[in-house]
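> Need coordinates for the below:
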Amino acid sequence: GITQSQCQSQGCCWSPVSPNPDNLPYCFHSNPIVEGYQVVSQSTTATGASLNLTVLDAQNQQQYGTPITNLAVQVDYVSSSTLHVKISDASSDRWEVPEWLIPRPNTTTSSPDYDFTYTSSPFGFAVTRKSDNSVIFNTTVPRTGTWNGLQFKDQFLSISTQLDSNSNLYGLQESTQSAGFKLTQKTYTLWNHDTP
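Got it, this is the predicted structure:
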């Protein structure tokens, strides 16, 4: 084992866990907070909005590979109750789930029941229900910098969010689960498989 003073003298974090049935380590390395991306341009489209992002502090984001430098964000107001947000590599085509596999509506609305807002730097977005001002989905990085911004790499994608603990999340990773993902104190690992 290691003591708290030995741990912290090596520049590590010390966080005792009690009870600790899984035997989690008290001493661990901290990763620097990743700011993610910033908005460099925005335009209104016939179906919603288009944003162009560029990476912030790429040197601080080398874990799990080099970040993609430029991203495109397409926001489509599909219906009064459905929003589609697509984040993709702005410079290169990448494999995507074919639309014939999971058909997407080819509709739009000019009067959605929600608001889409975003922060420019670091980039994050929120979806808020208009009727009761409830935040439905929020990736905006807190000013305290306690979590990471968007990370987009060749083989690693990460997006942090704040949601109500009683929520269900639908459509993540093109999931077709009818009940969505239950947002309890549970970690979901989302795997992708590529055909060689």
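> longest single strand anywhere in this protein?
strand 70-79 (DSSP state E).
> Distance check, the closest residue to L157 other than its chain neighbours against E99.
Nearest non-adjacent residue to L157, counting by CB to CB, 6 or more residues apart in numbering: Q151, 6.7 Å away. Backbone N, C-alpha and C define where each C-beta goes, glycine included. To E99, Q151 is 26 Å away according to CB to CB, to the nearest Å.
> The two - which one has more neighbours?
Q151 (21 against 9; other CB atoms under 10 Å).
> which residues does the more buried one contact?
Q151 makes contacts with V34, G36, Q61, Y64, P67, L157, S158, I159, as judged by CB atoms under 8 Å, 6 or more residues apart in numbering.
> Same check on V39?
Contacts of V39 (CB under 8 Å, 6+ apart): L51, N52, L53, Y118, S120, S121, F123.
> How many neighbouring residues does the fifth one have?
Summarising burial for S120: neighbours were counted as other CB under 10 Å, giving 13.
> Next: the fourth one.
Burial measure for Y118: 17 neighbouring residues, criterion other CB under 10 Å.
> Check what pLDDT it gets.
On pLDDT, Y118 comes in at 96.
> what do you get for T184?
Reported pLDDT for T184: 64.
> again with G171
64.
> distance of Q4 from Q10?
11 Å.
> More neighbours: which of these two?
A count of neighbours by other CB under 10 Å puts Q4 above the other of Q4 and Q10, at 13 against 10.
> Look up the residues forming beta bridges with the residue nearest to L157.
S158 (DSSP bridges).
> need the contact list for the residue nearest to the spatial centre of the chain.
Nearest residue to the geometric centre of the chain (CA atoms, centre = their mean): I159, 1.9 Å. Shown in contact with I159 (CB under 8 Å, 6+ apart): T139, L150, Q151.
> Need the phi and psi values for S9.
Here the main-chain torsion angles of S9 (degrees, to the nearest 10) amount to phi -70, psi -20.
> That one - how many residues pack around it?
The burial count for S9: 10, using other CB under 10 Å.
> now do the one 4 residues further on
Taking other CB under 10 Å as the criterion, the count of residues near C13 is 12.
> again with Q6
12.
> Nearest residue to S111 in space, please, no chain neighbours.
Closest to S111 by CB to CB, 6+ apart is S80, at 6.5 Å.
> ok, now how distant is that neighbour from P105?
Distance from S80 to P105, by CB to CB: 12 Å.
> measure stretch 64-84 end to end?
Chord length of stretch 64-84, first to last residue, is 27 Å (CA to CA, to the nearest Å).
> my bad, stretch 94-105
Using CA to CA, one end of stretch 94-105 lies 22 Å from the other.
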